[in-house]
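Colleague: next input, structure requested:
(one chain, ligands or ions: 1)
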Amino acid sequence: MSGIKVTQLGRFPDVKLIEARRFEDARGFFSETYSQRAFAEAGIDIAFVQDNQSCSADKGTVRGLHFQTYPFAQDKLVRVLRGSILDVVVDIRHGSPTFGQHEKVVLSAANGLQLLVPIGFAHGLVTLEPETEVFYKVSNFYSAANDGGLLWNDPALGIDWQLATTEPVLSDKDRKHPLLADLPHHFEI
Ligand SMILES: Cc1cn([C@H]2C[C@H](O)[C@@H](COP(=O)(O)OP(=O)(O)O[C@H]3O[C@H](C)C(=O)[C@H](O)[C@H]3O)O2)c(=O)[nH]c1=O
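Modeller: Numbers count the residues shown, from 1 in each chain. Have a look, this model is predicted:
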């Protein structure tokens, strides 16, 4: 049975940690990392339309916190091909009892864990090793006009990124996102 194991990530019922079976032998391993059938059988029936991959040369690289707004809002299925990340999700659904709260989890090539980040959550990561490669499927196409963000180190979020230094490697864009208090009501429940 190739099935997947699905568990909830912390306080967020809709954020799922997914473990796909690894068939190990003397050569290494094989894994069906994504199967529309296995995911649907586990209650995850999302039509992914685009695959993304990023490589970060340095440990301590922060990417995020990102989301796309409607009509290009995206669910994301994130995994690590090489190295490891601390993956962070923040509930940005106004009206949610957990609005502004976050959960985080280590995803690595070694643990093979995947994270399903649904629409309504901002997503970010910090690399824990050099040359870390992240792969993720998304349920809507890229739209620069709908590219949203939240400031990674907003004190109101209280995220411990476990950085060895105070300054991460960061894009100029990621230095300029709004604070949670100033975030427009892109998502509401
Ligand atoms: C996301 C994306 C970007 N691009 C272009 C736009 C920029 O010229 C360049 C780098 O984009 P960006 O700096 O937004 O890439 P990251 O900082 O890795 O952001 C991503 O990583 C964080 C963790 C996320 O969760 C987002 O899905 C995603 O925004 O690729 C595209 O052409 N298509 C795309 O789907």
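
Colleague: can you tell me what sits against stretch 40-49?
Modeller: Residues outside stretch 40-49 that contact it (C-beta atoms under 8 Å, 6 or more residues apart in numbering) are 3-4, 6, 16, 18, 34, 39, 75, 77, 116, 137-141. C-beta coordinates here come from the backbone N, C-alpha and C atoms, glycine included.

Colleague: among these, the buried ones, what's the ChimeraX command?
Modeller: Remark: buried members of the contacts of stretch 40-49, expressed as a ChimeraX selection using 16 or more other C-beta atoms under 10 Å:
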select :4,6,16,18,34,39,75,77,116,137,138,139,140
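
Colleague: determine which two of the contacts of stretch 40-49 are furthest apart.
Modeller: Greatest spatial distance in the contacts of stretch 40-49: 3 and 141, 29.4 Å, computed using C-beta to C-beta.

Colleague: tell me the confidence at the closest residue to the ligand within the chain?
Modeller: Taking C-beta to the nearest ligand atom as the measure, the point where the chain comes nearest the ligand is residue 142, at 3.2 Å. Reported pLDDT at residue 142 in the predicted model: 98.

Colleague: quick revisit: in strands, which of the contacts of stretch 40-49 appear?
Modeller: In this view, the contacts of stretch 40-49 that belong to strands under DSSP state E are 4, 6, 16, 18, 77, 116, 137-138.

Colleague: contacts only, for the residue sitting nearest the centre point of the chain.
Modeller: Most central in the chain under C-alpha atoms, centre = their mean is residue 123, positioned 4.7 Å from the mean C-alpha point. Contacts here follow C-beta under 8 Å, 6+ apart; on that basis residue 123 touches 64-67, 76, 78, 87-89, 117.

Colleague: thank you kindly, that will do.
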